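>>> Below are the sequence and a predicted model; questions follow.
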Amino acid sequence: NAGVTQTPKFQVLKTGQSMTLQCAQDMNHNSMYWYRQDPGMGLRLIYYSASEGTTDKGEVPNGYNVSRLNKREFSLRLESAAPSQTSVYFCASSLTGDEAFFGQGTRLTVV
Amino acid sequence: QKEVEQNSGPLSVPEGAIASLNCTYSDRVSQSFFWYRQYSGKSPELIMSIYSNGDKEDGRFTAQLNKASQYVSLLIRDSQPSDSATYLCAVNLSGGGADGLTFGKGTHLIIQP
């Protein structure tokens, strides 16, 4: 049972480049989330999908877009990367919106 | 603004002692509370969930909830060096909705051998 799988694990981008972070869960969870984690700031919610077919903004959505492709997959896109988006990105999923289970993270550096 | 507050530490505890981690939250409608453990360079791992006032025990871990005081804590008995990590308090501030957990910034716990 893989749980929540994120790709890639590491990425270096140049300012202005775009990329998509992929996330897939095999726990048949309804809700999926993208968080970023920065030193001194904790985990902050970027976007979430409470159920298949819906997406909503979280605390820090600017500069990002998301797609809930199906019940299993939830992707995060950076259209024009900025140094301020250097962070560790975590995808999480939850059956009910309570207990959330995290992927292994993507360490993104924008230079 | 809805918030979850934790002391960032570091909290240093001798091996074998009880480690006590605290968390306060801002919204009285909150119903669901969680503790995550995060080792350096790793992802958060769920270790405890608590939904009702009182204590909940799981092995060496005890979560305590006091909704009237808007306070949740985690006790780790017989602390081991492997317990050294950052502990994140998380709250469903939406009263049971699925719009994401709000996390505290974490308490860095160091268990001294």
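Okay, I see it.
>>> Only C-alpha atoms from now on, for both contacts and neighbour counts.
Noted.
>>> where does chain B have low pLDDT?
B:1-2 (pLDDT under 70).
>>> ranges for the strands of it?
B:4-5, B:11-14, B:19-25, B:32-38, B:45-50, B:54-58, B:61-66, B:71-76, B:85-92, B:102-103, B:107-112 (DSSP state E).
>>> Highest mean neighbour count out of those strands?
strand B:85-92 (a mean of 26; mean count of other Cα atoms under 10 Å in any protein chain shown).
>>> tell me what that one is packed against?
Contacts defined by 3 or more Cα pairs under 8 Å, 6 or more residues apart in numbering or on different chains; DSSP states H and E place strand B:85-92 against strand B:4-5, strand B:32-38, strand B:102-103, strand B:107-112.
>>> circling back: possible to save the strands of chain B as TSV with distance to residue A:13?
Conversion of these to TSV gives the following (distance: least, Cα to Cα, whole Å):
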stretch	distance to residue A:13
strand B:4-5	32
strand B:11-14	36
strand B:19-25	37
strand B:32-38	26
strand B:45-50	28
strand B:54-58	43
strand B:61-66	41
strand B:71-76	39
strand B:85-92	29
strand B:102-103	28
strand B:107-112	30
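>>> Near chain B, which residues of chain A are found?
A:31, A:33, A:40-45, A:48-50, A:58, A:90, A:96-105 (Cα under 8 Å from any Cα of the partner chain).
>>> Now that we have these, which of them are buried?
A:31, A:33, A:42-45, A:48-50, A:58, A:90, A:97-105 (16 or more other Cα atoms under 10 Å in any protein chain shown).
>>> Please name the bridge partners of the closest residue to residue B:11 other than its chain neighbours.
Nearest non-adjacent residue to residue B:11, counting by Cα to Cα, 6 or more residues apart in numbering or on different chains: residue B:109, 4.8 Å away. Per DSSP bridges, the residues bridged to residue B:109 are residue B:11, residue B:85.
>>> how near is residue B:109 to chain A?
15 Å (Cα to the nearest Cα, to the nearest Å).
>>> list the contacts for that residue?
Counting by Cα atoms under 8 Å, 6 or more residues apart in numbering or on different chains, residue B:109 makes contact with B:9, B:10, B:11, B:12, B:13, B:83, B:84, B:85, B:86, B:87.
>>> Mind doing that once more with 10 Å?
B:8-13, B:19-21, B:81, B:83-87 (Cα atoms under 10 Å, 6 or more residues apart in numbering or on different chains).
>>> Out of those, the closest to chain A would be?
Of all the contacts of residue B:109, chain A sits closest to residue B:8, with 8.9 Å by Cα to the nearest Cα.
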